[in-house]
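Chemist: This is a predicted model, with the sequence first.
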Amino acid sequence: MPDSNSTCDSPLPPLALEAIRLFNAGEYHAQHELLEDVCRAEPDPVRDVYQGVLQVGLAYYHIVEGNRRGALKMFKRAERWLAPLPTFCQGINIAQLREDAAKARDAVLRLKDGELDQFDRALLQPVKLVAPP
């Protein structure tokens with residue numbers, strides 16, 4: 001888990017920032033590709049942050065594509081990566097991301113297979129960044 005006194009206090013690397021821009025633009029598959037690259041290049045535990053964002057983005061991608069089972073699988077993986085993280089890390093509001101992902105997951109759970117066209121896309125919330133102090 002990233003240490004809030006070390007890597008969590010550092011800014012997002014440029015490639016991760018671009019991936020979050022793509023995520024927030026609804027380009028969920030493209031954000032996944034960039035964050036995979038960031039994860040491979042990051043030797044520190046802060047890569048867990050990138051993994052968590054990546055998995056939420058893939059869950060959203062599966063929702064848009066109508067793949068309920070895939071979305072639920074990615075939400076489960078995202079929860080595993082995000083749960084131990086601090087409230088904020090590298091300028092990302094992790095607590096808000098966890099909350100937004102949980103709301104979207106719960107909405108998917110209420111729908112049956114073949115009903116994702118009824119999913120409220122307003123629940124596909126962007127990654128919220130916080131301004132440095």
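Modeler: Received the coordinates, thanks. Numbering: from 1, shown residues only.
Chemist: which SS state does the closest residue in space to Leu35 that isn't next to it in sequence fall under?
Modeler: Of all residues not flanking Leu35 in the chain, Leu54 sits nearest, at 4.1 Å (CB to CB, 6 or more residues apart in numbering). In short, each C-beta sits where N, CA and C put it, glycine included. Local secondary structure at Leu54 is given as helix here, using DSSP: H, G, I helix; E, B strand; the rest coil.
Chemist: In space, what's closest to Arg47 - neighbours in sequence excluded?
Modeler: Cys39 (4.8 Å).
Chemist: Could I get the contacting residues of Gln55?
Modeler: By CB atoms under 8 Å, 6 or more residues apart in numbering, the residues touching Gln55 are Met74, Phe75, Arg77, Ala78, Trp81.
Chemist: could you measure the most far-flung residue of the chain relative to its centre against Ala104, distance?
Modeler: Taking CA atoms, centre = their mean, the residue of the chain most remote from its mean C-alpha position is Gly114, at 23.9 Å. Separation of Gly114 from Ala104 (CB to CB, to the nearest Å): 18 Å.
Chemist: now swap in Leu15 and tell me
Modeler: Using CB to CB, we find Leu15 at a distance of 25 Å from Ala104.
Chemist: More neighbours: which of those two?
Modeler: Legend: neighbour count by other CB atoms under 10 Å for Leu15 and Ala104, higher for Ala104 (23 against 15).
Chemist: Pretty sure the more buried one sits against Ala59.
Modeler: Yes: at 7.1 Å, Ala104 counts as touching Ala59 under the criterion of CB atoms under 8 Å.
Chemist: related to what we said a few turns ago, go through the contacts of Gln55 and say which is closest to Pro45.
Modeler: Closest approach to Pro45 among those (CB to CB): Trp81, at 11.0 Å.
Chemist: and the gap between that closest one and Arg121?
Modeler: The value you get for Trp81 to Arg121, if CB to CB is used, is 24 Å.
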